[in-house]
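1. what's the 3D shape of this:
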Amino acid sequence: MAGSSEETIALGRQLGERLRPPMVVLLYGELGAGKTTLAKGILGGLGVAREDEVTSPTFTLVHVFRHPRSGLRVYHADLYRVNDFHDLESLGLEDAFDEPSILLVEWAEKLTLRTDWPVVEIRMMHQEDETRRIEVRELRAAVSKP
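-> As a prediction, the model looks like this:
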């Protein structure tokens with residue numbers, strides 16, 4: 001559970017610190033559920049961007065970040081405006097699989113790309129008391145254990 005944007009970012013940061021490439025992170029949730037806010041924390045935890053540098057790639061569809069020391073690439077995609085397979089294919093997300101990287105996808109229900117990479121699925125839901133319920137599920141081993 002997260003009650004504020006700051007708590008959501010902190011939770012994302014904790015998760016990001018544990019993610020290891022190669023990996024796909026799928027974010028599900030209604031409009032305004034906090035997917036981009038959680039992504040800010042994940043990208044911050046991975047050390048590829050400061051939280052205040054992260055914006056939703058709703059119009060550009062994909063932002064690519066690179067870790068300054070390790071060179072790790074993180075692809076942050078927002079598929080909200082993707083309407084069909086042709087739109088998805090034109091994004092070039094398959095480039096993420098050219099080297100061990102992390103692919104972070106908002107509106108993941110629109111993703112048809114298949115991979116053998118480890119997958120983490122995150123579902124975000126608004127609660128009546130203005131908190132967010134966040135469920136994290138590993139579909140295949142993907143997160144380092146503390």
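2. all helices for the protein, in order.
-> Remark: helices assigned in the chain by DSSP state H are 5-18, 35-46, 85-89.
3. looking at those, which one is packed in the most?
-> helix 35-46 (a mean of 25; mean count of other CB atoms under 10 Å). (Each C-beta comes from the backbone N, C-alpha and C, glycine too.)
4. quick check: angle from it to helix 5-18?
-> 40 degrees (axes from the mean of the first three to the mean of the last three CA atoms, to 10 degrees).
5. and L61, what does it touch?
-> Shown in contact with L61 (CB atoms under 8 Å, 6 or more residues apart in numbering): A77, D78, L79, R81, V82, L91.
6. then F65?
-> With contacts defined as CB under 8 Å, 6+ apart, F65 is in contact with L43, L46, V48, A49, R73, V74, Y75, H76.
7. hey, what's the last one bridged with?
-> Beta bridges link H76 to H63, L104 when assigned by DSSP bridges.
8. tell me the spacing between it and D129.
-> As defined by CB to CB, to the nearest Å, H76 lies at a distance of 29 Å from D129.
9. wait, L103 sits on G92?
-> No. Counting by CB atoms under 8 Å, L103 stays clear of G92, with 11.6 Å between them.
10. how confident was the prediction at the closest residue to E17 other than its chain neighbours?
-> Computed as CB to CB, 6 or more residues apart in numbering, the closest residue to E17 that is not its neighbour in sequence is G45, at 4.3 Å. Note for G45: predicted pLDDT of 96.
11. hmm, I9 and G45 touching each other?
-> No. The pair G45 / I9 is not scored as a contact, 9.3 Å apart, by CB under 8 Å.
12. list the residues that contact the residue nearest to T37 when sequence neighbours are not counted.
-> Spatial nearest neighbour of T37, chain neighbours left out: T8 (4.6 Å); criterion: CB to CB, 6+ apart. Contact analysis of T8 by CB under 8 Å, 6+ apart lists A2, G34, T37, L38, G41, R132, I134.
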